[in-house]
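Asks: A predicted structure for the sequence below; I have some questions about it.
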Amino acid sequence: TQSTWAGENFRLLYDTKGRFIVHRIRPEEAAYKLCRVVKIMVGKKNTPIIVTHDGRTIPFPDPAIKLDDTVTFDLTSNKCSDYIKFEPGNLCMITGGANLGRVGIITNRDKIDGAQDLIHVKDANNHTFSTVIKNVFIVGKGNKPYISLPKGKGLKLSIAE
C-alpha cells in the first residue's frame with residue numbers, strides 16, 4: 001500500500017498477538033509482492049496457470065513451481081520473477097491459528113492421510129510449534145527473509161521473557 005500524501009510505502013502484516021500492523025517498507029521492496037500458490041491448472045490451449053492466494057492468475061509459470069510454494073510477483077511488470085519452494089529449512093510466517101504472526105524455520109512436515117499435513121516450525125528462540133499447512137506462508141529462503149519483518153521479528157515472548 002502506498003500513502004499518496006506522505007509518499008511512503010507500507011505492507012500489512014500480522015504481529016504475534018494476531019493483530020494487523022502497518023509496516024513501513026523501502027521503495028525497492030514495494031516493487032514486488034510475495035504470493036502463495038493455491039492452485040495449479042491448465043487453461044485454454046494447454047496453457048499452464050498458477051492461481052495465488054490473492055486471486056492472481058499467472059500464465060506460463062516456471063514448471064518447478066508447485067502447490068504451497070511462494071512466488072515473488074513483480075508489480076511493475078506483472079510477472080513472476082522468482083519463487084521459494086515449500087520445504088524444510090525455509091523461513092515462514094504463520095497466517096492463521098493460535099500461532100498467528102509467528103516467524104520461524106520449517107523443520108519438518110508430517111503427512112497425514114485423510115487430513116491436512118502438519119508443519120513443525122522452530123523460531124529464533126529455539127521454541128518449536130506446529131500448525132496445519134494452510135496456515136504457513138513462506139517468506140524467505142534459509143534464514144534470509146525476502147520481506148522486511150516487523151518489530152520483534154515474529155518472536156512470541158513469554159511473560160518471563
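Replies: Nice, I can see it.
Asks: need the longest strand for the protein.
Replies: Assignment by DSSP state E gives strand 32-42 as the longest strand of the chain.
Asks: okay, now the sheet partners of that one, with direction.
Replies: Under the criterion DSSP bridges, strand 32-42 sits next to strand 48-52 (antiparallel), strand 70-74 (antiparallel) in its sheet.
Asks: what's the pLDDT at the residue nearest to I147 when sequence neighbours are not counted?
Replies: Nearest residue to I147 in three dimensions, chain neighbours excluded: V139, at 5.8 Å (CB to CB, 6 or more residues apart in numbering). Placement of C-beta: from N, CA and C, glycine included. pLDDT recorded at V139 is 94.
Asks: V139 and V121 touch, don't they?
Replies: No: counting by CB atoms under 8 Å, V139 does not reach V121; the two are 11.9 Å apart.
Asks: comparing the two, which residue is more hemmed in?
Replies: Shown here are V139 and V121; by other CB atoms under 10 Å, V121 has more neighbours (24 against 21).
Asks: what pairs with that one across the strands?
Replies: Bridge pairing for V121 - DSSP bridges - gives I106, F129.
Asks: the closest residue to L34 other than its chain neighbours - how many residues pack around it?
Replies: Of all residues not flanking L34 in the chain, T70 sits nearest, at 5.3 Å (CB to CB, 6+ apart). Using other CB under 10 Å, T70 is surrounded by 26 other residues.
Asks: do N78 as well
Replies: For N78, using other CB under 10 Å, the count is 9.
Asks: what pLDDT is listed against the nearest residue to T128 once chain neighbours are set aside?
Replies: Leaving out its chain neighbours, the residue that sits closest to T128 by CB to CB, 6+ apart is K122, at 4.9 Å. pLDDT for K122: 95.
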